[in-house]
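Colleague: Let me see the structure of the following:
(one chain, ligands or ions: 3)
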Amino acid sequence: MTVEQARALLLRCAQPADAVEVELVDAFGRRLAASVQTEEPIPHFRRSGMDGYAVRTSDLANVNAAAPVELEVIEHIPCGVEPQYMITVGKAARIMTGAMVPEGADAVIMQEMTELVESEGRSIVRIQKKVASGTNITPIGEEAREGTLVLEAGERIGAGHTAILASLGYSRVPVYRKPKVAILSTGSELLQLSDPMQMGKIRNSNAYMLSAQIIAAGGQPQLIGQIPDDYPRAEQMLYDLLSSDADLIVTTGGVSVGDYDIMADFFLRWEGTTLFNKIAMRPGSPTTAGSWRNKLLFGLSGNPSACFVGFELFVRPVIQQLQGAVVDHAQTVTCHLAVDYKKVNAYPRYVRGYWYSNGGEHYAKPVGRDKSSAILSLKEANCLIVIPPTKTGFPAGDIVQIIPLDGAMSK
Ligand SMILES: Nc1nc2c(c(=O)[nH]1)N[C@H]1C(S)=C(S)[C@@H](COP(=O)(O)OP(=O)(O)OC[C@H]3O[C@@H](n4cnc5c(N)ncnc54)[C@H](O)[C@@H]3O)O[C@H]1N2
Ligand code: MOO
Ligand SMILES: [Mg+2]
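Modeller: Ligands and ions are numbered 1, 2, ... in the order given. Here you go, the predicted model:
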């Protein structure tokens, strides 16, 4: 099965979770659970774009430096105040940026183009230049008419979304619930983080790496712990988790063909439907997944880098779709290979890489050690470079696609 086929199968099984309401200040990074329309036009009143004077341009039709026009200033209009008077022939109003333009006025002339004269207790503004009708006035509805769809369900709330929600009066926002993702690690070699090192054993790094990846994807990780490679115990634990309130279950380790690869056995024997247990890719070829009563169970590889890649390609899009995101395909960026890639591959390879721009072009190069068992190179990677199957490798300069790793598998 190809990566694309496997993703399509998984995404067919993932329905958005229910919605919850959160305070607007807590909504950043969450996904909207409802679309948002304007109730009023934006802006909802004619707004001045400058500090100056609201005028009738017909009063300035014949104005020039030799023949200035003098208008009587009948009102001062600060922001937030409704004007009291209409501007009629020969009149003007002092007005501030953001304030409501009075009836009758059809332009705002900026203060720097005018001169204010006080004469017999009256304020007179002297103008020497013409302005076009509409100058420095933002018309009603310039940005959006009443009833405009401004945000769609599933969009991720950023700073701009927050400004829109605030201006529309959303102190609380409907967002999708964070999917709960249970993480279970398998392996008799696994130590707790605080355990002293023992010969032949390792600490359980995958669970914590996955926890970080789940948070980055918008999910809520549940660290269930680790179990030895003991089939009856694993089976009991897995059915308990499948019946729990977790939205997804992710396991690590034990999916290959080894004597103690208990997850591979489980996926052969369980009551659920195994969607795939082998993917045409490296690393992570033994990545396995299935569904049990509409709940997905992922068996990711134990090898840290294979586990990482399996999560990015398959679990991340599911977590995103559970929050209403539209996940159609992995979003890739076209780059030049910055160095030769000479490894022979029978399958597409998702190489941990670093991508950057130089002279207006994007480049990507593999980082560190490319082995599935590697841990240290993971922190260097900001992308996965997609290397198609090759018998000869690719020279530097060739075009490749990359998948950015800044949480950007989909918009
Ligand atoms: N004869 C074959 N051997 C292997 C094959 C194969 O096709 N034929 N596939 C290889 C590939 S590819 C991969 S990937 C791995 C998959 O291994 P498993 O998913 O079965 O994982 P384990 O056997 O449990 O462990 C592998 C490796 O990862 C370490 N590990 C496990 N859990 C963790 C953890 N929580 N944190 C950190 N590291 C972990 C474990 O100690 C092992 O070193 O199989 C190849 N073999
Ligand atoms: O598929 Mo394995 O992840 O290459 O090492
Ligand atoms: Mg194994």
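Colleague: who in the protein is up against ligand 2?
Modeller: Where the chain comes near ligand 2, counting by CB under 6 Å from any ligand atom, the residues are 282-285, 301, 303, 306, 372. Placement of C-beta: from N, CA and C, glycine included.
Colleague: And those residues, which is the shakiest by pLDDT?
Modeller: The pLDDT minimum for the residues of the chain next to ligand 2 sits at Ser372, where the score is 92.
Colleague: on that earlier part again, restricted to strands, list the residues of the chain next to ligand 2.
Modeller: When strands are assigned by DSSP state E, not one member of those lies inside them.
Colleague: Let's have those in JSON lines, adding neighbour count and distance to Thr88.
Modeller: Shown next, in JSON lines, are the residues of the chain next to ligand 2 (neighbours: other CB atoms under 10 Å; distance: CB to CB, whole Å):
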{"residue": "Arg282", "neighbour count": "20", "distance to Thr88": "79"}
{"residue": "Pro283", "neighbour count": "25", "distance to Thr88": "78"}
{"residue": "Gly284", "neighbour count": "24", "distance to Thr88": "76"}
{"residue": "Ser285", "neighbour count": "17", "distance to Thr88": "81"}
{"residue": "Ser301", "neighbour count": "27", "distance to Thr88": "79"}
{"residue": "Asn303", "neighbour count": "23", "distance to Thr88": "81"}
{"residue": "Ala306", "neighbour count": "27", "distance to Thr88": "78"}
{"residue": "Ser372", "neighbour count": "18", "distance to Thr88": "81"}
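Colleague: Could you list which of these also contact ligand 1?
Modeller: The subset of the residues of the chain next to ligand 2 within reach of ligand 1, counting by CB under 6 Å from any ligand atom, consists of 283, 285, 301, 303, 306, 372.
Colleague: farthest pair in those residues?
Modeller: Using CB to CB, those reach their maximum pairwise distance at Ser285 and Asn303, which is 10.4 Å.
Colleague: right, and Thr2 touches Ser285 too?
Modeller: No: using CB atoms under 8 Å, Thr2 is not in contact with Ser285; the gap is 11.8 Å.
Colleague: ok, which residues in the stretch 151-300 of the chain are in contact with ligand 3?
Modeller: Within the stretch 151-300 of the chain, the positions lying close to ligand 3 (CB under 5 Å from the ion) are 256, 258, 261.
Colleague: how about the helices of the stretch 1-150 of the chain, start to end?
Modeller: Listed in chain order, the helices of the stretch 1-150 of the chain (DSSP state H, counting those that start in this stretch) span residues 3-11.
Colleague: could you measure the residue nearest the centre of the chain against Ala325, distance?
Modeller: For the chain, the residue whose C-alpha lies nearest the mean C-alpha position (CA atoms, centre = their mean) is Arg156; its distance is 5.0 Å. When distances are taken as CB to CB, to the nearest Å, Arg156 and Ala325 turn out to be 7 Å apart.
Colleague: What about Pro16, how many residues nearby?
Modeller: Taking other CB atoms under 10 Å as the criterion, the count of residues near Pro16 is 17.
Colleague: Equivalent analysis for Met113, please.
Modeller: 13.
Colleague: quick one: contacts for the closest residue to it other than its chain neighbours?
Modeller: Using CB to CB, 6 or more residues apart in numbering and skipping the chain neighbours, the partner closest in space to Met113 is Lys129 (5.6 Å). Under the criterion of CB atoms under 8 Å, 6 or more residues apart in numbering, the neighbours of Lys129 are 60, 63-65, 109, 113.
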